[in-house]
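K.L.:
Okay, predicted coordinates and the sequence, questions at the end:
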Amino acid sequence: MAKIDLKKQLKTLYAPPPNKVLEVDVPTLNYLMIDGTGDPNTSQAYQESVEALFGLSYTLKFMLKKGPQAIDYGVMPLEGLWWTDDMTQFSTKDKSNWRWTMLMMQPDCVTEALFMQALATQKKKKPSPALDRVRFEAFSEGKAAQTMHIGPFSAEGPTIEKVHQFIQACGAQLRGKHHEIYLSDIRKADPAKWKTIIRQPMG
């Protein structure tokens, strides 16, 4: 059985050192994506969206593992793009107007046809209104600055500011959407030890 270690292959993107901001070049990668609005802490649609992404990702993993190619790999972490229509109103104090795209990266062996097959399987296995909103799409971020934040989401402010200052010091500007990658299982881990990659495209 062939095994793919995506985190190892993409170590610079998924294992940055803490307390150090680095410039990275993010290639075009394939993702499962789903869009939504509202406070992620209180939105049922957000919870359903995350469950749909994980369900489909694991369905795809097992389909490939049991398929003719017999490919095994670890499911990649949940990621999120966050913004508001008016970024001057983007505040952690009021998340009701937040817009988001949650996503999970997929290996190259996942195709649109395989995604559609997994979607049909998941709808029978665990129906959810969120499944109809999931799409399989390539996403290219290009040049970005990122670092590892360790601690609760509520304490991300200074880390985000460090990333922004790094971009300004490079003579570049912020572009695109605020990007977070969640490496910890927040249901089990101590919030003080949560690991979150903070990424900001720059240009």
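P.N.:
Received, thanks.
K.L.:
mind checking pLDDT for the most far-flung residue of the chain relative to its centre?
P.N.:
Computed with Cα atoms, centre = their mean, the maximum C-alpha offset from the centroid of the chain is found at Pro68, amounting to 28.9 Å. Note for Pro68: predicted pLDDT of 84.
K.L.:
Does Ala144 touch Arg199 like I think?
P.N.:
Yes - with contact taken as Cβ atoms under 8 Å, Ala144 and Arg199 are classed as touching, separated by 5.2 Å. (Each C-beta comes from the backbone N, C-alpha and C, glycine too.)
K.L.:
joint contacts of these two?
P.N.:
Taking Cβ atoms under 8 Å, 6 or more residues apart in numbering as the contact rule, Ala144 and Arg199 both touch Val24, Val26, His179.
K.L.:
Quickly note the distance from the residue farthest from the centre of the chain to Ser128.
P.N.:
Relative to Ser128, Pro68 is positioned 29 Å away (criterion: Cβ to Cβ, to the nearest Å).
K.L.:
Repeat that for Ile4.
P.N.:
Counting by Cβ to Cβ, the gap between Ile4 and Ser128 amounts to 27 Å.
K.L.:
How about Pro107?
P.N.:
Note on Pro107: its distance to Ser128, by Cβ to Cβ, is 24 Å.
K.L.:
Leu174 too?
P.N.:
Distance of Leu174 to Ser128, computed by Cβ to Cβ: 34 Å.
K.L.:
Next, Glu180: secondary structure please.
P.N.:
At Glu180 the chain is in strand, as set by DSSP: H, G, I helix; E, B strand; the rest coil.
K.L.:
The protein: strands as residue ranges?
P.N.:
Under the criterion DSSP state E, the chain carries strands at the ranges 2-4, 22-26, 29-37, 71-73, 78-83, 99-106, 135-139, 142-150, 178-182, 195-201.
K.L.:
Partner strands of the first one, with direction?
P.N.:
Put plainly, it is strand 2-4. According to DSSP bridges, strand 2-4 forms sheet pairs with strand 71-73 (parallel).
K.L.:
what does the partner strand rub up against?
P.N.:
With Cβ under 8 Å, 6+ apart as the test, strand 71-73 has contacts from Met1, Ala2, Lys3, Ile4, Asp5, Leu6, Lys61, Leu64, Lys65, Pro107, Cys109.
K.L.:
what number of residues lie near the closest residue to the first one other than its chain neighbours?
P.N.:
Pointing back at Met1 there. In space, and not counting its chain neighbours, Met1 is closest to Ala70: 4.5 Å by Cβ to Cβ, 6 or more residues apart in numbering. By other Cβ atoms under 10 Å, the residues close to Ala70 number 11.
K.L.:
just checking, Ala70 touches Lys3?
P.N.:
No - look at Ala70 against Lys3 with Cβ under 8 Å: they stay out of range, at 9.7 Å.
K.L.:
Good, wrapping up.
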